[in-house]
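# give me the fold of what follows.
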Amino acid sequence: MTHTDAADALPDPDFHPEFYADTTIKRFVAWLVDTVLITLITLLAIPLTAFIGLFFLAGLYLLVGLVYRTVSLTRWSATPGMRLMAVELRQLNGARFDLGMALLHTGAYMVMMTIFVLQAISIILMMTGSRGQGLHDHLLGTAALNQAAVRR
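Numbering: from 1, shown residues only. I've put the predicted structure just below:
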């Protein structure tokens, strides 16, 4: 018996806690790394727009973040910050992200980040849930797993 729910291919945190150990803290550090990288890419893009990007800086930042997250989640099922922290996202069936799921996850993440109450709920869920899932993870049926545990 594998100790996973029949309708749920994600590892059971009661029987396989190594998959979820410290993922909330790792996701926070990954978020910091990704925020710095997105900011740097945005700043590097400004001269490429003949400095017109300064007038649309918030929009440019959102666009860079959307592309950054979607491309990296599609390619690795993790952002560069998550890869640095050895965490990757998985779907409910255990599969890595495809383009559709990467777009959905990125969109849900961006909505959560723009509405404080939703972000607060997401943080509380991450800190109290056995899988460390944020609100957008619960809605999409995704979870962050430790890469070392996944590769065993």
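# from here on, contacts and neighbour counts on C-alpha atoms
Fine.
# show me where the protein has its helices.
Counting by DSSP state H, the chain has helices at residues 23-48, 57-76, 80-84, 99-114, 116-128, 135-140, 147-150.
# list the contacts for Gln119?
Met112, Met113, Leu135 (CA atoms under 8 Å, 6 or more residues apart in numbering).
# how many other residues sit next to the last one?
Translated: Leu135. Number of residues near Leu135 (other CA atoms under 10 Å) recorded here: 22.
# my guess is it meets Gly129, correct?
No: contact criterion CA atoms under 8 Å: Leu135 and Gly129 do not qualify, at 10.6 Å.
# residue ranges with poor pLDDT in the protein?
Confidence mapping of the chain against pLDDT under 70 gives the ranges 1-8, 149-152.
# what's the separation between the residue lying farthest from the centre of it and Leu32?
Within the chain, Ala50 marks the point farthest from the mean C-alpha position, 31.8 Å out by CA atoms, centre = their mean. Note on Ala50: its distance to Leu32, by CA to CA, to the nearest Å, is 28 Å.
# next: Leu125.
Here Leu125 is placed at a distance of 19 Å from Leu32 (CA to CA).
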